[in-house]
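Q: Here's a sequence, model it:
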Amino acid sequence: MTVNRIEQAAVEFANFLGGRGLIYEPHVQADLLASILGSQFVLFAGPSGTGKSTAAAALAEFFSPADRRSTLRVERTWESPSDVTGAFSSFADYFVKKPGLDSLMAIRRHAGGTAESSTARTPIIVVEEANLSPIEGYLNPIVHGLSSPAVETIPWPLHSVSAGARLSGDTAASAEVPPILDLGPWVRVLGTINVDHTAIAPARKVSGRACVVLLEPMENPSSEDGISALWEGTTGAGAPAPTSSHAILHDPRTALGAIRNTVQMSQLAATLDGVVAELRDAVGTNPVSKRDEQRCLLFMAFFNEVAAYVPGLDLPPADRSRVAAENALLHFVLPGLAPEDFARTIEHFFNPGVPSLLRTRCSRLGSSDADTALGYSIDFWAALS
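A: Numbering: from 1, shown residues only. Modelled structure (predicted):
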């Protein structure tokens, strides 16, 4: 990943948001860009009305052309992948499809796609209200497929009919349903998690594979600047999505790979080790798995690059790695902590330091009476509700 492409994307993203009347503070813009560049599975969590769907739709439109993005709207009764795409009926001898099949078929990777072709570009799947049903159930192929921090192609099994399966009432060859949908290259899945007292918290298996981005109401919202979003949304008038940015969304290991075996890589790892050591001292054990560590480093490498170019983000170079490491803990580690460890983490990072999203969140929780009022410790997801 060349630095000038990151710079171009950071500036274009700021213009893209402004052209649509969308307001995100500079440090949030940097965090959003680093999250989708360094992670293939991103969950936007927060109360209703904080812009989760808007953020997911904006990133999808910015990074992927129209024919490489789709939206799944979750229903409360979904339990398995067949609830999304449908299933083969041996009795009727045809494939009974669900609405999600068309969405995934439209962005699947075709064999033989060249680097310049549309099907070779990174697809994006937006999953609206992902926690209406258990994510590990209906998105099972995604959850299992992303057990590693970086996967070029994720297979989504549809049926096991060797001769192929046809849709009901269709006889054309184009109507044949393949046994497996290959989603790629480097597919991104962006889910929105609505947090309230009725919502199902994602399973730890899900949190352990995702980058959890917490969205909250802005400290200083500007009604005048954001009012156009009421009519335009993310697809209305304004600056078009720059086609140059479509090409930089691919392997999430790119930024980290560019600094392998360099002093910069050693410094990045040392910064993460230092923050993890603080967390370990706070909770008594090391709650950061090797996979968590890998995901943190992927995010940090992109954040360091992006933060240098996001307009309005006044973050000295000496502080970038520290802020990146703390934000990474917020995204990849805190969502999976046990309640007691979560409470100790809040207490530790409540202390003053270089401002980061992690410290902002901890200061709000640390200054509240949530734990003592309930009489027991709460975890990341309970704290949001």
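
Q: Let me know how buried Thr243 is, in neighbour terms.
A: Residues near Thr243, counting by other Cβ atoms under 10 Å, number 8. Heads up, the C-betas are built off the backbone N, CA and C, glycines and all.

Q: What does the pLDDT read for it?
A: For Thr243, the pLDDT comes out at 73.

Q: ok, the residue nearest to it when sequence neighbours are not counted to Ala247 distance?
A: Spatial nearest neighbour of Thr243, excluding adjacent residues (Cβ to Cβ, 6 or more residues apart in numbering): Pro65 at 7.4 Å. Separation of Pro65 from Ala247 (Cβ to Cβ, to the nearest Å): 11 Å.

Q: shared neighbours, those two?
A: Here Pro65 and Ala247 share the contacting residues Arg121, scored by Cβ atoms under 8 Å, 6 or more residues apart in numbering.

Q: Quick check: pLDDT value at the closest residue to Lys97 other than its chain neighbours.
A: Once flanking residues are discounted, Lys97 sits nearest to Gly86: 3.8 Å by Cβ to Cβ, 6+ apart. Predicted confidence (pLDDT) for Gly86: 94.

Q: Now for Gly86: which residues touch it?
A: By Cβ under 8 Å, 6+ apart, the neighbours of Gly86 are Phe95, Val96, Lys97, Lys98, Gly100, Leu101, Leu158.

Q: Assign a three-state SS to the residue of the chain most remote from its centre, would you?
A: Relative to the C-alpha centroid of the chain, counting by Cα atoms, centre = their mean, Phe91 is the outermost residue, at 39.7 Å. Here Phe91 is coil, with the state taken from DSSP: H, G, I helix; E, B strand; the rest coil.

Q: The one 5 residues further on too?
A: Put simply, Val96 is strand when judged by three-state DSSP.

Q: Please report the distance of it from Ser82.
A: From Val96 over to Ser82 (counting by Cβ to Cβ), the distance is 9 Å.

Q: Averaged pLDDT, the longest helix along the chain. What do you get?
A: Using DSSP state H, we find that the single longest helix of the chain is helix 263-283. Helix 263-283 comes out with an average pLDDT of 94.

Q: counting contacts, what elements does that helix pack onto?
A: With contacts taken as 3 or more Cβ pairs under 8 Å, 6 or more residues apart in numbering; DSSP states H and E, helix 263-283 sits against helix 290-307, helix 317-332, helix 339-349.

Q: Leu358 is nearest to which of these?
A: Nearest to Leu358, of all those, is helix 317-332, at 4.0 Å by Cβ to Cβ.

Q: neighbouring contacts of that closest one?
A: Here helix 317-332 makes contact (Cβ under 8 Å, 6+ apart) with 31, 34-35, 39, 211-214, 267-268, 271-272, 274-276, 279, 288, 292, 295-297, 299-300, 303-304, 307-308, 315, 349, 354-359, 361.

Q: quick one, strands of the stretch 151-300 of the chain?
A: Using DSSP state E, counting those that start in this stretch, the strands of the stretch 151-300 of the chain run over 154-157, 165-166, 176-177, 180-183, 188-194, 211-214.

Q: any chance of those strands in a markdown table, plus distance to Leu22 and mean neighbour count?
A: Converted to a markdown table, those look like this (distance: least, Cβ to Cβ, whole Å; neighbours: other Cβ atoms under 10 Å):
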| stretch | distance to Leu22 | mean neighbour count |
| --- | --- | --- |
| strand 154-157 | 29 | 18 |
| strand 165-166 | 42 | 20 |
| strand 176-177 | 38 | 18 |
| strand 180-183 | 27 | 18 |
| strand 188-194 | 15 | 26 |
| strand 211-214 | 15 | 26 |
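
Q: So for Ala9, which of those sits nearest?
A: Nearest of the strands of the stretch 151-300 of the chain (Cβ to Cβ): strand 188-194, 14.5 Å.

Q: helices and strands around the closest one, which ones?
A: On a contact count with 3+ Cβ pairs under 8 Å, 6+ apart, strand 188-194 meets strand 41-46, helix 52-63, strand 124-128.
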